[in-house]
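Novice: I need the structure of the sequence given here:
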Amino acid sequence: MKVALVHEWLTIIGGSENVFKEIASLYPGADIYTLVADPETITKLGLQGHRVTTSFIQKLPLAKSKYRNYLALFPRAIEDFDLSSYDLIISSSHAVAKGVLTHSGQKHVCYCHSPVRYAWDLYHQYLTESGLNKGIKGWLAKSILHRLRIWDIISTNRVDFFVANSAYIAKRIKKVYNRSSVVIHPNVAVDDFDLVTEKQDYYFTCSRFVPYKKIDLIVKAFAKMPDKKLYVIGDGPDFQKVSKLAAPNTILLGYQPFSELKKYMAGAKAFVFAAEEDFGILPVEAQACGTPVIAFGKGGALETVVENYTGVYFSEQSSEAIINAVQYFENMKNIFDPVKIAEHADKYSTARFKSEFKSYVDEVVNTLNV
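Specialist: Sure, this is the predicted structure:
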């Protein structure tokens, strides 16, 4: 079969790009289509053996770093790709990749990381945080996102089979698109982390410093618990804002190489996670180290953290809720077995993902060929 792989952009390496990398490894002869690509990112992902085709956005000013400024052009750009000669199209989509044009002789499987969050469930939050909820710029942004929602629904019909990265996203796919999906959790590089059974007397969190990650809430909580130490790794737009909230017992380390992140994660008595994520790779990585997780009980964390076995939950995104969860964890910490926690994390390995995804695609393609 002739296979085409589609991903929105290949300019940075995040969770969805690591999923796409493993999908591409299953189809070494496949061609790749993406709106914008950075040659360095292609190399880091090991995709240089594939033919990579980019859209007209690639040639626009500052496209590699400011591609989101061209959001209004995304639907047109993705539809410009001519995939008519392919038998199987696999899209890795969190924005518009699923919208490539297909015909009745093709099979299109979409691995959906999420419907376009800033056009749907995070619409009002996105406008507020971006300062686009009023004025001429606000009117233009709302108009663009309104048209994107209409296109998003129309383009759903171009997908034959949806695969969701979590049950949480499967519910969102059903709500937004009224389509069913199967759940195949994404790959997590659990083998890159070492099990440490002797934990030290500190808590740990890491993230990009952006509003929805709620690092500020974690830092505020530990400011009210001066007897407990917190290490934080990460950088981003909110770094200075969060720095002002930090008490002496919180150490902000900024960006650190992977070796340092792994060291702090493995040695921590618990990893604190306050974001509402579609899946959430970091809590799984922490568990791969045998480190229990104190997590906000919503989103993908509900599927990866087992309460009172690999971690505990708090029920709302507030400093008070985090404080209560830490106190509960302190009282329960002796029940957490690092070896069993690490064994649980193995369920999300890269080998498991590749096997499940390839088996599913083979099954639906073969069924349709009968």
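Novice: mind listing the strands for the stretch 101-250 of the chain?
Specialist: In the stretch 101-250 of the chain, the strands defined using DSSP state E, counting those that start in this stretch lie at 107-112, 161-164, 181-183, 203-206, 230-233, 250-252.
Novice: could you point out which element follows the last one?
Specialist: Think strand 250-252. As assigned by DSSP states H and E, the chain's next helix or strand after strand 250-252 is helix 258-267.
Novice: and that next one, which residues are buried?
Specialist: If you call a residue buried by 16 or more other Cβ atoms under 10 Å, then helix 258-267 has these buried ones: 261-267. Placement of C-beta: from N, CA and C, glycine included.
Novice: Other residues contacting that helix?
Specialist: 192-196, 199-200, 202, 204, 206, 231, 233, 253, 256, 271, 285-286, 289-291 (Cβ atoms under 8 Å, 6 or more residues apart in numbering).
Novice: hmm, 7 Å instead?
Specialist: Helix 258-267 has contacts (Cβ atoms under 7 Å, 6 or more residues apart in numbering) with 193-194, 196, 199-200, 204, 206, 231, 233, 271, 285-286, 289, 291.
Novice: what's the average pLDDT for it?
Specialist: Across helix 258-267, the average pLDDT comes to 96.
Novice: who does the next helix or strand after that helix pair up with?
Specialist: Downstream of helix 258-267, the next assigned helix or strand under DSSP H and E is strand 270-273. Paired with strand 270-273 in the same sheet, following DSSP bridges, are strand 203-206 (parallel), strand 293-296 (parallel).
Novice: Centre of the chain to the first one, how far?
Specialist: The gap between where strand 203-206 is centred and where its chain is centred comes out at 18 Å by Cα atoms, centre = their mean, to the nearest Å.
Novice: Comparing the strands paired with strand 270-273, which stretch has the densest surroundings?
Specialist: strand 293-296 (a mean of 27; mean count of other Cβ atoms under 10 Å).
Novice: List every C-alpha atom in it, with coordinates, as CSV.
Specialist: Extracted C-alpha coordinates of strand 293-296, given in CSV (Å, rounded to 0.1, in the frame of the first residue of the first chain):
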residue,chain,number,x,y,z
VAL,A,293,2.1,11.5,41.6
ILE,A,294,-0.1,14.1,43.3
ALA,A,295,-2.4,15.0,40.4
PHE,A,296,-5.4,17.1,39.5
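Novice: Please renumber the chain so that the first residue is 17 from this point on.
Specialist: Right, with 17 as the first residue, what we last looked at is strand 309-312.
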